[in-house]
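Visitor: 3D, please:
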Amino acid sequence: MPKTEKLKEIKDEVLNLKRSPLYKERVKNKVFPVLGAGNHNAKIMFVGEAPGKNEAEQGRPFCGASGRVLDELLESIKMDRKDVYVTNIVKDRPTANRDPSLEEIKIYGPFLDRQIDIIQPKVIATLGRYSAEYIMKKFDLDFEIEPIGKMRGKAFGAKAPYGDIKIIPLLHPAVALYNSFSRDDLKKDFEILKNF
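Guide: Purely as a prediction, here's the structure:
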């Protein structure tokens, strides 16, 4: 089955995911789940945590202020967003943009796992601490987990069912909007992606 068909199956399942505590909110607010966007043969996959308000309204990942920062970071390393794949662990917006709960990560995580198996990236760049922790644990790198500030910008080797990959934890682009990390710090961390 082609990758597009497999990804559409995931979308259909998430659309009807009534067991999710976020499903009722999505229906009530008339918004969309956010599955992912980009190249289905991407060598680099970015994994964020959960969609925000703009993302849920448009059904696209990283299309708000954080998305503009992500685009700027990609530009800084001469990478085009259409050449990568961007998604989140949680596919529906947590109420009031709160952090995703462990229950939500557990419900939506298997969909991300399937996306990874379908796209088969060589590099998974995590955006934020929740996605870093999830992906590090998924690839048996629990022993390497530290606070995101210590892991950021480093590459960790791992084995996927389809071959060797690198996991690169990065700060979430939103940090450039809300705290003292400058865009220059984030750009420096993104430099590691040039190697791939």
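Visitor: C-alpha from now on. contacts and neighbour counts both.
Guide: Noted.
Visitor: where are the low-confidence patches of this protein?
Guide: For the chain, the stretches with pLDDT under 70 are 180-181.
Visitor: now the helices for it?
Guide: Secondary structure of the chain (DSSP state H): helices at 3-15, 23-29, 53-58, 65-76, 102-119, 129-138, 148-151, 175-178, 183-190.
Visitor: so what sits opposite the residue most central in space within the chain in the bridge?
Guide: The residue lying closest to the centre of the chain (Cα atoms, centre = their mean) is residue 47, at 1.6 Å. Beta-bridge partners of residue 47, counted by DSSP bridges, are residue 87, residue 126.
Visitor: if we can go back for a sec, dump the helices of the chain to CSV, plus mean neighbour count.
Guide: As requested, the helices of the chain are exported to CSV (neighbours: other Cα atoms under 10 Å):
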stretch, mean neighbour count
helix 3-15, 14
helix 23-29, 14
helix 53-58, 19
helix 65-76, 18
helix 102-119, 17
helix 129-138, 21
helix 148-151, 15
helix 175-178, 14
helix 183-190, 17
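Visitor: out of those helices, which is closest to residue 40?
Guide: Proximity to residue 40 (Cα to Cα) singles out helix 102-119 among these, at 5.5 Å.
Visitor: what's in contact with the closest one?
Guide: 3, 6-7, 10, 20-21, 40-42, 88-91, 161-162 (Cα atoms under 8 Å, 6 or more residues apart in numbering).
Visitor: what subset of the residues you listed is buried?
Guide: Those of the contacts of helix 102-119 that meet the buried threshold are 7, 10, 40, 42, 88-91, by 16 or more other Cα atoms under 10 Å.
Visitor: relative to the strand ranked longest in the chain, what are the paired strands and their orientations?
Guide: The longest strand of the chain (DSSP state E) is strand 163-170. Strand 163-170 sits in its sheet next to strand 123-127 (parallel), strand 156-160 (antiparallel), going by DSSP bridges.
Visitor: tell me who's in contact with the residue nearest to the centre of the chain.
Guide: Residues near residue 47 by Cα under 8 Å, 6+ apart: 86-89, 124-127, 131.
Visitor: swap the cut-off to 6 Å and go again
Guide: Shown in contact with residue 47 (Cα atoms under 6 Å, 6 or more residues apart in numbering): 87-88, 126-127.
Visitor: so which of these comes closest to residue 145?
Guide: residue 126 (12.8 Å).
Visitor: ok, that closest one - contacts?
Guide: 46-47, 132, 169-170.
Visitor: quick check: the gap between residue 10 and residue 36.
Guide: The gap separating residue 10 from residue 36 is 11 Å, by Cα to Cα, to the nearest Å.
Visitor: repeat for residue 142
Guide: With distances taken as Cα to Cα, residue 142 is found 26 Å from residue 36.
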